[in-house]
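[1] Quick one, what's the 3D model for this:
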Amino acid sequence: VGIPLATIRDALSELPEERTPTREDWARLSEAWRSELDERIKQLNRLRDHLTDCIGCGCLSLDTCVLSNPDDVFGDRLTGSRLLVEQRGGGRKNGRREPERQKPTDKRC
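    Model (predicted):
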């Protein structure tokens, strides 16, 4: 959930070696992480607020799953949450993804 150590190491290597870092130096470093951390906070808030909703994981254990995830179209694609936005690669998308319209090969209970 935090900032990877490799990212911190790379950022710290940009600090001047001939002097003590200033407030401006630290502000420049932290600015690069602010939007990424804000996005992670939004994602965690969505997760917290929707823990009792269908998240498209494929278990179909909630009454609302048939509305949000008919015929488990999300479970046919990948494991894990399909309805909560996840970070993949470097980018993010906001909102819910539309399910792929394909006929499932088997029914899950």
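[2] Could you tell me which residues make contact with Thr52?
    Applying C-beta atoms under 8 Å, 6 or more residues apart in numbering, we find Thr52 in contact with no residue. C-beta coordinates here come from the backbone N, C-alpha and C atoms, glycine included.
[3] Does it lie in a helix or a strand, and which?
    For Thr52, there is no helix or strand it lies in under DSSP states H and E.
[4] do you know how far it is from Ala32?
    Separation of Thr52 from Ala32 (C-beta to C-beta, to the nearest Å): 36 Å.
[5] do the same with Arg40
    Taken as C-beta to C-beta, the span from Arg40 to Ala32 is 14 Å.
[6] between these two, who's got more neighbours?
    Arg40 (16 against 12; other C-beta atoms under 10 Å).
[7] So which other helices or strands are in contact with the helix or strand containing the more buried one?
    Taking DSSP H and E as the criterion, Arg40 maps to helix 23-49. Applying 3 or more C-beta pairs under 8 Å, 6 or more residues apart in numbering; DSSP states H and E, one finds that helix 23-49 makes contact with helix 5-12.
[8] could you check the angle helix 23-49 makes with the helix it packs on?
    160 degrees (axes from the mean of the first three to the mean of the last three C-alpha atoms, to 10 degrees).
[9] Residues in contact with helix 5-12: which ones?
    By C-beta under 8 Å, 6+ apart, helix 5-12 touches 29, 32-33.
[10] make it 6 Å
    Defining contact as C-beta atoms under 6 Å, 6 or more residues apart in numbering, one finds that helix 5-12 is touched by Leu29.
[11] Adjust the sequence numbering to begin at 45 for everything that follows.
    Okay, using 45 as the starting number, the last item reads as helix 49-56.
[12] So, low pLDDT: which residues of the chain?
    For the chain, the stretches flagged by pLDDT under 70 are 45, 100, 102, 104-153.
[13] run the last query once more with 50
    130-153 (pLDDT under 50).
[14] In stretch 80-98, which residues are buried?
    Neighbour-count burial for stretch 80-98 flags 84, 87, 90, 98 (criterion: 16 or more other C-beta atoms under 10 Å).
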